[in-house]
Each structure stands twice: as C-alpha cells, then as structure tokens.
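Visitor: with the input below, show me the fold.
(chains A and B)
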Protein chains: 2
Amino acid sequence: MDTLFLAHPTDDLAVDLTRTGIDPSALDALPWEDVFAAMRDLEAGSVANPDEGRQVGHYWLRAPDHAPTVELGEAIGSTRDAVMAFAEGVRSGATRTPDGSPFTDVLHVGIGGSALGPQLLVDALGTGPLRLSFVDNIDPDGIQRTLDALGDRLDTTLVVGVSKSGGTPETAHGITLVRRALEKRGLHAPGHMVAVTGEGSQLDVQAREEAWLARFAMWDWVGGRTSVTSAVGLLPGALAGLDVRGLLDGAGAMDAWTRAAAWRENPAAMLAGAWHVLGDGRGDRAMVVLPYNDRLLLFSRYLQQLVMESLGKERDLAGRVVHQGIAVYGNKGSTDQHSFVQQLRDGRNDFMAVLVAVLGDGAGPSAPVEDEANAGDFLQGFLLGTRRALSENDRPTITITVPRVDAAVLGGLIALFERAVGFYATLVGINAYHQPGVEAGKKAARHILDLQARVRAALTDVPQPIESLAESTGAEVVELWYVLKRLQHTGRARSERDGWRR
Amino acid sequence: MDTLFLAHPTDDLAVDLTRTGIDPSALDALPWEDVFAAMRDLEAGSVANPDEGRQVGHYWLRAPDHAPTVELGEAIGSTRDAVMAFAEGVRSGATRTPDGSPFTDVLHVGIGGSALGPQLLVDALGTGPLRLSFVDNIDPDGIQRTLDALGDRLDTTLVVGVSKSGGTPETAHGITLVRRALEKRGLHAPGHMVAVTGEGSQLDVQAREEAWLARFAMWDWVGGRTSVTSAVGLLPGALAGLDVRGLLDGAGAMDAWTRAAAWRENPAAMLAGAWHVLGDGRGDRAMVVLPYNDRLLLFSRYLQQLVMESLGKERDLAGRVVHQGIAVYGNKGSTDQHSFVQQLRDGRNDFMAVLVAVLGDGAGPSAPVEDEANAGDFLQGFLLGTRRALSENDRPTITITVPRVDAAVLGGLIALFERAVGFYATLVGINAYHQPGVEAGKKAARHILDLQARVRAALTDVPQPIESLAESTGAEVVELWYVLKRLQHTGRARSERDGWRR
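Guide: Next up is the predicted model:
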C-alpha cells in the first residue's frame, strides 16, 4: 500500500508512518546492519549490558529454546510452569490461607518494573474473581488506604512481594508494613506470602527461612522494565485470570516478526527509525502515546519507564557525554483530545504522537448512537480525525493498529516496543539496559535519612534557631526546614518563638 | 530564609525555587504590573476570553461576593447550596430510586474538564459509602466494562451527565448508552439521572422535558478545565463524601494569597515566573509533576489539561504565530524514581521538575521500619534526595509543600496552578481561556464519520478492490484501510481475494 505502512501478513497488526512526513530514504540511510547484528548478538547471549556485566534475556522468556544454554531454557520453562500451577491452585481454592479459607484478594507489593507491568496487565485484562491491589510506593497514608480498602478481606489476602535485589527500600518496607497488618489481625503471615526475587537475595533468604507459601526466581539477565513476561508479570497476571500463555505467545510472535532483518519488513525497526529521524537522533520530539481504548490507559505509563529508563542516558557506549532520551507521556484517546490535544495541534511542535487503533469493539454495544454510526465508529472517527488534524499542522503521527485488546495483543505490543527500544539504543550508541542515574538518587536519599537522624538527635528541650541547628547538623537551611517541618507535623518537633525543640 | 523560598504565614504551604538556578533579578525583570493588572481586570469581570467574547469567572465560584453583579453572586451561592443539598439527600437516603431504594453508586459521565477534576477529587479524597465510577470516553468496550462492573447495582445507580454545551458527542452518546442499559433492566431512567449543563443546552432541555432527578447550571464563564469548583466538581465531590465546603475555602484562601501584587509574596507569580525564566518564555522545558503522595496520583493528569489546553496556543493576543505551550507529565514519587528519573537525571535536560511534598502522614503507620526512620521519613528522603540528585546535574526543581492532603489543601493546590497559568498567559501574551485547536479535530472527525457512511453505502455483494473504493468514496487509501478493517472486525464488511464486499 505504501512503503511507510506495514501490516502483518495474517494478524491485522500494522505500523503506519505515512503521516510522519518521513522520506523513506532517511530510514534507508540508518545503519540497519549494525542494529540487527547487535540484536542478534544480544539474543544469542552476549553481554549486552556491559556496565553491569550482564546478558539481556527477556526475549528468551517467550522462547526458552532460544536461550543460550539448555539449562537456562529449562529454568525458564519450569519457573513459568510453577507460576501457573501456583496461580491455578490459588484460584481453584486448592491453595488456602493457614486457617483454611480460599483467598479472595491479592496484594502485590513492588515498585517500578515490579509494579508497572502487573498493573498494566491487571487493569487491561483482569477478570476476577480474585481482586488485585497494589502497594507501589512507601507513602504510609497510601499503604494504610490500601489496607483499609481490604478491611476484613485482609484475612484472605495473598501478599506477593516482588523485588529483584530484595533490597529496594520501598518494597522491603512495604512488605514489612503489610506483614505487620497481617500479624495485627492474628494471622500467620508467612502462610499468606509469596516472594518473587533473585536467588539468594535478602527477600529470598527470609522467604525460605520462614517458609513462605512460594518463591519464584528473578534472574539478573531480566531487567525490571522488561520483566513483565517473567514471574513478575505472569504471577499477578495469572492470579487476575489473564491468559498468560496467550501473553507469552503474542510476545513471542511479535519477537519473531521483529527479527526480520530489513526495516521495511520489521515494525520495530520502523518505529525505532521513525523516532530517530523525527527526533534528530537526540529525542528532540517527545513521544505522546494515545491508545484509543480504555483498557490501554496504563500503556503510556508502562512505556514511560520502558523508553525513558532505557534511553535516558548521560553517556554513550564509548563514554562520550550525550544526554540522550525520549520523553513519553499520554493517557488515552479520545479522552486526551479534551485535555491536551489543543497544545498538540496548535502549540509547540515538539512531539510525535503514537496513536494505537483497536479495530474491534470487544464486548461493547454495537447499536447505532447517531444515524448508523455506533460508539466504536465515533471512537475511530476521533482517532482518524486527530491523525488528520495533527497532520494538517505538520505534527507527525505514528499509528499502530491491533485487532482487539487481549493477552496476545498486549504481549505483542509490549514486545514491539521492547524491540524498538533495543534498536534505537544501537542507533544512538547507548546501553539500554542499565540505570546508573538511579543510584545517585538513592545515595542522596541516604544522605537525607542521615540528616533526619542527626536532626532528631540534635533537638533538645531548649529551643534552637534553625540557623544553629543547620550549623550543628551540617545541613543546608532550606533542606533543614523540610526535615523540621515534617518532624513537627508528625509530633516529633515543636516550633517556638526562639526556635525548634523536641 | 531565601528570596526564592516563600512560605505562607500561617498555613505551612510553601513554594521553593531555591533549586532552580534562577537569579531573582530575572524574576524582577518580568512585567509584573501588567500581569497583576490583567488578573485584576479578569476578576472584575472583563472579557478575558476575547475570542469567545466571554468573561472568566472561576475565581468567583470561591468568592461569590467578588462576582461582578449581585445576581451572579447569588446564582453561584444558590447553585452551590442546591448541589450540596441534593448530594446530602442522596447520601442520606432521602432521595431514592424510582422504586424506592437508596442509591449505592454514582456513574459520572463526562469527558475532559467534566471528568478530570471529579476523578482527581474522588481518587484523592473519596470516602464512600457511595461508590463512584466514570464513563470518560466513547470506547464501547470500556463503557460495557464499567456497566458490567456495576452489574446488578445499576438498579441503584445515580447517573450524572456533565456537558457544558450538552453536545459533546462522547458524553451525549455515553449518556445514551448508559440510559439504554438502565432501560434494558426495566428501570425508569429519568428517575436515575442528573444533568450538569448550560441552561438551554440540548441536555438541559432533555432533562427538563423528561423530568430528570435534578439539573444544575454550568455557566459560559466557567471553562471546563477550571470547572472543578463549580457543580461539575462539587456534585461528584459531595456525593463521594468530600468536604466540598473545605475545597471551596481552601481554593478561596489560595485565591486571596495569590492576589498579592508582588512576585516575592505571591506563590502563583513565583511559579509562573519560574516557568517563564526556565523555559525561556517558550515552554522550552516540560513540567514534570511528581507529588510524593498516593492521593495526588491524578494531579499531574489534571494539570496536563489545565496547563496544556490553556497555554498550548498557535497565536498570541495580537494574532502573531507563536506556537506556545508547556508539556506536562508525571505520576507520583517515589514511584516514578523507579520509572523515568533515570532520564531526568542523566538524559535530556529539557524539563523542570515540580515536586509536591506533604509534611504529614495522614492515617498512615508511624512505627519505624529501619532504625528510627518510618515510612514517611523514607518518602521524604526520596523526595529531598531526588531534589538533590537533579540539582547536582543542573536539572531545575521547584518544590511545593503542603501540610497534608485534604479537601482544603487540594482546593488550594488547584487554585495555585489556575492562577499561575493565568499569570503565565499574560507573560507570553496569549488567551488562556479558549481552545480553538480542538475544533479542528472535531471537524476532521466529522469528515471520517462521513467517510465511514460513504464506505458502508459503497460496499455491495460484489468485491471491489480497495483502490476502486478509494476512488468512488473520495478516500485516501490508507485512511480507507482503517475504515474497512474496522467494518470487517465488526461484521460489516468482508475481505476477499478480489477485494472488499459487504
């Protein structure tokens, strides 16, 4: 139909760059041989994450026979089977609480890649009857609210703690707080708990020693942001009633399609190439993701991590300072048309829109709502209308089409972007699989925790002016203000005319 | 403490620009007299939205005695009282379904400004027992899913339809579909329905003629994106058990503070000034909003509309092409630290972070989780740590502090940004209160609906190649592909070897 339009031969999946204004010769000019070779090496087990000395194996999760060793392939298969069997046991009532009740709820504790994929799956396709809720932060008020919403059902709640390292404070302390809540109700906590973590991690050791209900492995060659087809996503997905086998198959089918070694036949290469050409190889355009489908509301949030944490890097592989990245935002169409499409069409021309079109209507009503047009026809009208309206003002749009939103399609969409991110990383010469900047934030947070402790220790019954406290604790005054104000609001400090006291 | 740090004299609200790298003289240099004068005129009832010939009166909603006429002030007060009385009636069980049952659920139908504010309020502070759900799109699958989740409770569901014009297709057709679902259950729909709409609108007429349970006025001087303190937000807020009086008071108190005619004393002026200096008056930095609090998860989505639809404009007030705007995204801290703070710290330096710090812990647990530090101490550690880590790499952060998240504080935060947006619009010389770009999308959508109708009519029992159909319907081939594929997936077209048939 058009060089810039690629449809899958059988599956009604398509990627459409015809409204990007890209000249195909600009895509031809990209170093595709390097790109495809790097990806082949990665899939074959090269150390594609050199900084951390790690392989990058999320594609093996969908094709254990592609894993670099037979043992690894078997470990993938047996973990997947164990996850599915465990979830089936919980769902069927064969696996029960220590006092013999069937589980009614699942409380998933994890953050970042340990939460975003599970949240996307459950929100898009969860069917019940088990209800899933999430602790994905260390906000005490938020955790309490989640516990309160469970109420008495906490007695029949399965707690899934997910942390690769086992040491992420948000998750470790989240698990602690949930556990205290279980114990406060007189429950035997280990009989409610499951760990998904790296073998030998602090969490793994604890779960083994206390005989938690189950433990599932995370491997160091699966990054958090690409872990949704590992136990991290499969377990909550299966508990929520998703067709996780379909998820794996859909991702695997997309993996197969995106191994095509020619950009014109490879939808992920088309995406990555478009990002590169449109953003001048520097991410000069943000990616605004608008799926026209309520089930995909969290997809942009999922992609935000996948794309930004992978591509937002200070240095390239040669160590040069490059400050790469692509900003990602968006919610869903046509809702966002009534929010920020005003700016997209008329304001700063600093983005590329990625529209996701779903051809069918799921179980939705098909009766007309105006003349012969039904709700889904209107939704399509808004999508294609926005594509046109943006195009008229030279705003580039990429359109991705899927036939429906089910587990296989969702797996395919995720795999499509995983591959595109990998390709783009080679195009700009960066390591897409580490996250060195996160470490700096952790260090700085530790500095603040130390400061909090020094301030608590420095407060006495005698009021001290903030300036003296700053001096005695070695703090910057504004930073100290935050610490003191928090202590005040949590009853651990008092502000008087002469200064601060305990 | 610092010129760039402003705390409220009594309320523990603060705006902190000390980590922006801004020189106060750059703020001094902005034309504040014009800015404050324009806002004074607006509040006094000038036609601040000249394109649409409208006044801009959302500030009057919090201070009816500031309205330009006594009648208007009375209308504001009486509508507010009527909304609260109605909500109280539903909550107490005095107002019931036609068959005499108390209502258990509220289904709010609206899109854009008619949904984002209500969703923010309910998600942040809803207390029950009425459960609120939303139809905020025209996705048939999504609407069906919402109806299925209500199930038998649809019999005791109050439906609130919100549309200023009454003609927004997503909302109008959403109401139709919900209504059909009520009728299918044999319910007398009008006895379940409430309209919030402009007087005399299509929706208003229908609601009056059919004797819906209640009708509440939207005024043309309240824009959708600033309607949360009108009936649009007050009604769902009150139904969800929020302290809407507190919301109004908090917004009103912030309105009072942000009338200070000196930027050093005005937190909204500090925000607007920082946006202007940091983004070079052209929005060169996106605003990444990270409230460190689960209740404020939807705040960035709310601000996305408020900021982007207000500021994303092609032309300034003098008609010059300027392509203004500020992109807004973000979810919550510390969660987003595990998602995209990697890019913020190391990648493209093209944003300003707006951190929202909450001093207290709400009802959350205060027991320590590590040494003497509790969960809230960790959360603060992550916030201040991120502020530091970004600062080290010359990424600007603005920090807004609030004592807690309650209705008054939320009202204050909303009012703070409303005012900042208004100030910024004057700084860059644009109309913040219209949305001309949205019209283009609507027109283009209508074009697609017409095309769909032509294609349905053109299909016969004889297969036609897509190219001939393109010619006979005057369609572009790729656009036609979408239309045909949708018809196929909804059983209204078939694809055969020789082409497309009905």
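
Visitor: which residues sit against stretch A:437-444?
Guide: A:309, A:312-314, B:337-338, B:341-347, B:382, B:384-386, B:388-389, B:392-393 (C-beta atoms under 8 Å, 6 or more residues apart in numbering or on different chains). C-beta: built from backbone N, CA, C; applies to glycine.

Visitor: list buried residues within those residues.
Guide: Listed as buried from the contacts of stretch A:437-444 are A:309, A:312-314, B:337-338, B:341-347, B:382, B:384-386, B:388-389; burial here means 16 or more other C-beta atoms under 10 Å in any protein chain shown.

Visitor: returning to what we had before: show me the contacts of stretch A:437-444 that map onto strands.
Guide: The members of the contacts of stretch A:437-444 all map outside strands under DSSP state E.

Visitor: which ones among those map onto helices?
Guide: Assigned to helices by DSSP state H, the following of the contacts of stretch A:437-444 qualify: A:309, B:341-346, B:382, B:384-386, B:388-389, B:392.

Visitor: and the residue of the stretch 351-500 of chain A found nearest chain B, what helix or strand is that in?
Guide: Going by C-beta to the nearest C-beta, chain B is nearest to residue A:364 of the stretch 351-500 of chain A, at 2.5 Å. Assigned by DSSP states H and E, residue A:364 belongs to no helix or strand.

Visitor: now do the contacts for the closest residue to it other than its chain neighbours.
Guide: Of all residues not flanking residue A:364 in the chain, residue B:140 sits nearest, at 2.5 Å (C-beta to C-beta, 6 or more residues apart in numbering or on different chains). When contacts are counted by C-beta under 8 Å, 6+ apart, residue B:140 is found next to A:361-362, A:364-366, A:374-376, A:379, B:177.

Visitor: buried ones among the residues you listed?
Guide: Counted by 16+ other C-beta under 10 Å, the contacts of residue B:140 give A:361-362, A:364-365, A:374-376, A:379, B:177 as buried.

Visitor: save those residues as a markdown table, and put in pLDDT too.
Guide: Output for the buried ones among the contacts of residue B:140, formatted as a markdown table (pLDDT from 0 to 100):
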| residue | pLDDT |
| --- | --- |
| A:361 | 97 |
| A:362 | 96 |
| A:364 | 96 |
| A:365 | 95 |
| A:374 | 98 |
| A:375 | 98 |
| A:376 | 98 |
| A:379 | 98 |
| B:177 | 98 |
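
Visitor: of all those residues, which two lie farthest apart?
Guide: Of all pairs drawn from these, the one with the longest distance (C-beta to C-beta) is A:362 and B:177, at 13.7 Å.

Visitor: count residues in the vicinity of the closest residue to residue A:371 other than its chain neighbours, would you?
Guide: Once flanking residues are discounted, residue A:371 sits nearest to residue B:453: 7.0 Å by C-beta to C-beta, 6+ apart. Neighbours of residue B:453 under the rule other C-beta atoms under 10 Å in any protein chain shown: 16.

Visitor: residue B:453 and residue A:373 touch, don't they?
Guide: Yes: between residue B:453 and residue A:373 there is a contact at 7.2 Å, judged by C-beta atoms under 8 Å.

Visitor: coming back round to it: could I get the average pLDDT for the helix or strand harbouring the residue nearest to residue A:371?
Guide: Element membership of residue B:453 [criterion: DSSP H and E] is helix B:436-458. For helix B:436-458, mean pLDDT is 95.

Visitor: can you name the element that comes right after that helix?
Guide: By DSSP H and E, the next helix or strand past helix B:436-458 is helix B:466-473.

Visitor: can I see the domain layout of chain A?
Guide: Following automatic domain parsing, one finds the domains of chain A at A:5-53+A:246-428, A:69-242, A:436-501.

Visitor: now do the second one: distance from first to last residue.
Guide: In other words, domain A:69-242. End-to-end span of domain A:69-242 (C-alpha to C-alpha, to the nearest Å): 29 Å.

Visitor: please apply the same query to the last one.
Guide: In terms of C-alpha to C-alpha, the two terminal residues of domain A:436-501 are separated by 39 Å.

Visitor: ok, now the first one?
Guide: Counting by C-alpha to C-alpha, the length from the leading to the trailing residue of domain A:5-53+A:246-428 is 24 Å.

Visitor: and it, how far out from the chain's middle?
Guide: Between the centre of domain A:5-53+A:246-428 and the centre of its chain there are 15 Å (C-alpha atoms, centre = their mean, to the nearest Å).

Visitor: can you check the last one too?
Guide: Its chain's C-alpha centre lies 34 Å from the corresponding centre of domain A:436-501 when counted by C-alpha atoms, centre = their mean.
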